[in-house]
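need a structure here:
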Amino acid sequence: MITRRHFLSMSAGALALFPFMTASRALAGAPAELALAGPPAPASLPLVRLAEQGASADLPAMTMKQWRNPDIMRAWLISGEVQVSAGPANAAAILYNKGLPIRLLDVNNGGILSFLTRDPSIQKFTDIKGKKVLLFFRGDTPDTIVRYLAAKQGINPDSDLTVSYADSPFEALQMFLSGRADTVLLPEPAATAAVLKAKVSGSKPTRIVIQDEWQAVTGNALPLPLGGTMCQASLATEHPETVAALQTGIGRAVDWINAHPAEAAQQSADFFGLKAPVLQKSLEAFPIRRSPAAEARKDLEFYYQALMEMSPKLVGGKLPDKAFYLG
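Here you go, the predicted model:
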């Protein structure tokens, strides 16, 4: 678990301010601490950055922990073990439409998906027709996006593809590196890690970026809003000042990460379990793009409707209403 630097490690002068700051937050009704979570994907990087920065006058102390399966994220948010989490944008919609107290803070393109392949006959997405492909999170967003893009281009994913599944992106990465899969779907930074490791062994896999394919197929010029940050509704309603400060902090963290990829990679390498240069290469190739949820509502609804074409349950059966989107 990544924990924010505690005030005990700060200077004596800063320590002298701690009781005053704590009392100020208590008087304002702000929470004493926030538990943050996210997957080992770039969507989590802004939260990792906030958790590393230390408490401030606007934000309380925070802890950051990792999940590797969306079901764990859902359980943590529902139980209250976590108040804020990076995760799939559709997962937030599902929870909200089921009547659970979740709100969406923002969306970002962290975790960009790519097909990597050693098969020389695959140079573009439609070349996967008739091929074996390895996906992950069966029935969840990555699987559905591939099926949607295939169907829109005349490929029946059930009869024209031979699909197998890994339990996680990490398992998919290992299967690709070990040669057990020749064509695999991977998110960032795992895809960049695979490319770099393949280069060391003397090979250069073809990369097909799914977000580029999404823009080409749908005509939507904005990034595929796969990920985002969600929070418990009680945090938004009972502590709006804290949520506003959190949104501002996330925005600043994104700007800093994009401007300082080497430092950001060094700071977050342990969370990802990757060497910092790999994460740095990923961030340099795919900078994070972020929008507050309310501003991204139109693009999110376009994305949600695309998912509903494949399976309405992927967004909880309907489009979330206005209250779902925080400004």
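
nearest residue to the middle of the chain?
Against the mean C-alpha coordinate of the chain, by CA atoms, centre = their mean, the closest residue is A43 at 3.4 Å.

list the contacts for that residue?
With contacts defined as CB atoms under 8 Å, 6 or more residues apart in numbering, the neighbours of A43 are A86, G87, N108, G110, G111, L226, G227, G228, T229, I288. The C-beta positions use only the backbone N, C-alpha and C, and glycine is treated the same way.

helix, strand or coil for the fifth one?
Same thing as G111. coil (DSSP: H, G, I helix; E, B strand; the rest coil).

break the protein down into its structural domains.
Listed by automatic domain parsing, the domain ranges of the chain are 2-109+226-324, 113-218.

figure out how far the last one is from the centre of its chain.
What it means is domain 113-218. Counting by CA atoms, centre = their mean, to the nearest Å, domain 113-218 is centred 18 Å from the centre of its parent chain.

surely Q211 and G111 touch.
No - here Q211 does not reach G111: they are 10.0 Å apart, not a contact under CB atoms under 8 Å.

the helices in the stretch 1-150 of the chain, which residues?
12-28, 45-53, 70-79, 89-97, 141-152 (DSSP state H, counting those that start in this stretch).

so Q211 and G111 - more neighbours on which side?
G111 (27 against 18; other CB atoms under 10 Å).

pull up the gap between A89 and V200, please.
34 Å (CB to CB, to the nearest Å).

so those two - more neighbours on which side?
Neighbour tally, A89 and V200, criterion other CB under 10 Å: the higher count belongs to A89, 27 against 7.

can you list the weak-confidence ranges in the chain?
Scanning the chain for pLDDT under 70 picks out 1-30.

tell me the angle of the lengthiest helix in it relative to helix 45-53?
Counting residues, the longest helix in the chain under DSSP state H turns out to be helix 240-259. Orientation check (axes from the mean of the first three to the mean of the last three CA atoms, to 10 degrees): helix 240-259 against helix 45-53 gives 100 degrees.

just to revisit the earlier point, just the ones of the contacts of A43 in strands?
Secondary structure from DSSP state E places A86, G87, N108, G227, G228, T229 of those in strands.

quick one: residues contacting the closest residue to the last one other than its chain neighbours.
Sequence neighbours aside, L105 is the residue nearest to T229 in space, at 4.2 Å (criterion: CB to CB, 6 or more residues apart in numbering). The neighbours of L105, taking CB under 8 Å, 6+ apart as the test, are V84, G228, T229, M230, C231, V243, L246, Q247, I250, P292, A293, L326.

how close does L105 sit to G87?
Per CB to CB, L105 is found 11 Å from G87.

can you list residues touching both of these two?
By CB under 8 Å, 6+ apart, L105 and G87 have these common neighbours: G228, T229, M230.

the first one and P46, how far apart?
What that stands for is G228. With CB to CB as the criterion, G228 and P46 are 11 Å apart.

who touches both of the two?
By CB under 8 Å, 6+ apart, the residues touching both G228 and P46 are A86, N108.

wouldn't P189 be in contact with P42 here?
Yes - using CB under 8 Å, P189 is in contact with P42, at 6.8 Å.

shared neighbours, these two?
With CB under 8 Å, 6+ apart as the test, P189 and P42 both reach S282, L283.

list the contacts for the residue nearest to T162 when sequence neighbours are not counted?
Spatial nearest neighbour of T162, excluding adjacent residues (CB to CB, 6+ apart): K132 at 4.4 Å. Residues in contact with K132, defined by CB under 8 Å, 6+ apart, are L161, T162, V163, S164, A181, D182, T183.

any idea which of those residues is closest to E171?
A181 (10.0 Å; CB to CB).

Q174 is in contact with that closest one, correct?
No - taking contacts as CB under 8 Å, A181 lies outside contact range of Q174: 9.4 Å.

more neighbours: these two, which one.
The neighbour comparison of A181 against Q174 (other CB under 10 Å) goes to A181, with 23 against 15.

how close does the more buried one sit to R138?
15 Å.

A86 pairs with what?
Note on A86: beta-bridge partners by DSSP bridges are T229.

please shift the residue numbers so they start at 459 in all later answers.
Right, with 459 as the first residue, what we last looked at is A544.

just the helices in the stretch 609-758 of the chain please.
Counting by DSSP H, counting those that start in this stretch, the stretch 609-758 of the chain has helices at residues 627-635, 648-658, 668-676, 691-696, 698-717, 719-730, 734-743, 755-768.
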